[in-house]
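Visitor: model this:
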Amino acid sequence: MGISTNFSAEQELMRVEAAYSKRQTSPRYTLFEPAVLLAVQELERKLIGAFRRKGMKSIDKLQILEIGCGTGFWLREFIRWGALPEKIHGLDLIAERITDARRLCAPAVTLDCSTATELKYEAERFDLVCQFTMFTSILDSQVKKTVAREMLRVLQPQGSIIWYDFNVDNPHNPDVRGIGIAELRALFPGCWVEYQRVTLAPPLARPVARISPALHRLLSGISVLRTHYLAVIGRI
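Guide: As a prediction, the model looks like this:
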C-alpha cells in the first residue's frame with residue numbers, strides 16, 4: 001500500500017510539473033494588465049487587513065514560507081511590507097521559476113526547487129505559511145492532504161496559514177480544480193478557518209477593467225461574481 005501511495009504521489013507531482021512547465025508567460029498575468037493590477041491591489045488590502053485583525057502592526061519578525069512561490073512575486077511583496085529577506089523562504093517544483101526568483105528576489109531570501117509533500121524544515125518553524133493559487137493545480141486528493149499536513153507541521157502553534165485560491169473550476173483548464181470551503185476545512189482538521197470570497201471572475205474582470213476601474217470595483221462587490229477564497233487558517 002505504501003509503495004502504491006508513493007508512486008501515485010510521484011505521478012501527480014510529475015503531472016503538476018508538466019502542466020506548469022507548458023504554460024507560457026502571458027501579458028494577461030502581469031501588472032500591466034488592468035484586471036491583474038486591480039486584483040492584486042484588492043488582495044493586498046485584504047491581506048494587510050487580516051494581519052491587522054490579528055493584532056499585527058508589522059511583519060518584520062515573522063518567519064515566512066511560501067509553497068509554490070513561482071518567481072517570487074509574493075515574497076517580494078512581503079519584503080515591501082517590511083518582512084526581512086533572511087526570514088523568508090520559498091519553494092517551487094519548477095527549476096526555471098526558482099532561477100527567475102533568485103534573480104528577482106533579495107539575495108538573503110532562501111529559495112529551493114522542491115516539493116511541498118515533504119518539507120525539509122523542522123516542525124513549528126514558521127509564523128506564516130502561504131499558498132497562492134497552487135492547491136487547485138493538485139488534483140490528487142491524497143497529495144493535497146499530504147501538502148496540507150506538511151504546512152501545518154512546520155507552522156508555529158500561534159502561526160497562520162494564508163490561502164488564496166480558486167473556489168470554482170476553470171472550464172478551459174482541465175489541469176486545475178476549484179476547492180470549496182467544505183474541502184478547505186477538511187484539508188485542515190482541528191483548525192479555525194476565516195475566509196472571504198475575493199477577486200472578480202477573470203473572464204469578466206479583464207474587459208471591464210480596461211473600460212472602467214470604477215465598474216470593476218462595483219462588480220467586485222457582488223459575492224457571486226468572485227471566484228477565489230482568501231482564507232486565514234490556524235490551530236484551535
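Visitor: Can you name the residues that contact Thr115?
Guide: Counting by C-beta atoms under 8 Å, 6 or more residues apart in numbering, Thr115 makes contact with 13, 91, 93. Every residue, glycine included, has its C-beta placed from N, CA and C.
Visitor: what do you get if the cut-off is 6 Å, keeping everything else the same?
Guide: Thr115 sits next to Leu13 when contact means C-beta atoms under 6 Å, 6 or more residues apart in numbering.
Visitor: what pairs with the helix or strand hosting Tyr195, and is each one parallel or antiparallel?
Guide: Element membership of Tyr195 [criterion: DSSP states H and E] is strand 191-200. Strands that pair with strand 191-200, judged by DSSP bridges, come out as strand 226-235 (antiparallel).
Visitor: So which residues of this protein form helices?
Guide: For the chain, the helices defined by DSSP state H cover 2-21, 34-53, 73-80, 95-104, 141-153, 181-187, 202-211, 213-220.
Visitor: Isn't Arg206 up against Ala35?
Guide: Yes: contact criterion C-beta atoms under 6 Å: Arg206 and Ala35 qualify, at 4.6 Å.
Visitor: circling back to that earlier point, can you tell me what sits against the strand holding Tyr195?
Guide: So strand 191-200 is in contact with 39, 185, 219-220, 223, 225-236, going by C-beta under 6 Å, 6+ apart.
Visitor: pull the CA atoms of stretch 33-48 into CSV?
Guide: Below are the C-alpha coordinates for stretch 33-48, written out as CSV (Å, rounded to 0.1, in the frame of the first residue of the first chain):
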residue,chain,number,x,y,z
GLU,A,33,-3.0,44.1,-17.3
PRO,A,34,-5.5,46.3,-15.5
ALA,A,35,-7.6,43.4,-14.1
VAL,A,36,-4.5,41.8,-12.6
LEU,A,37,-3.4,45.1,-11.1
LEU,A,38,-6.8,45.7,-9.5
ALA,A,39,-7.0,42.1,-8.2
VAL,A,40,-3.5,42.3,-6.6
GLN,A,41,-4.4,45.7,-5.0
GLU,A,42,-7.6,44.2,-3.6
LEU,A,43,-5.7,41.2,-2.3
GLU,A,44,-3.0,43.4,-0.7
ARG,A,45,-5.7,45.4,1.2
LYS,A,46,-7.4,42.3,2.4
LEU,A,47,-4.2,40.5,3.5
ILE,A,48,-3.0,43.5,5.4
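Visitor: chain center to that stretch, what's the gap?
Guide: Averaging C-alpha positions (C-alpha atoms, centre = their mean, to the nearest Å) puts stretch 33-48 14 Å from its chain's average.
Visitor: One more: stretch 220-236?
Guide: On C-alpha atoms, centre = their mean, the centre of stretch 220-236 falls 13 Å from that of its chain.
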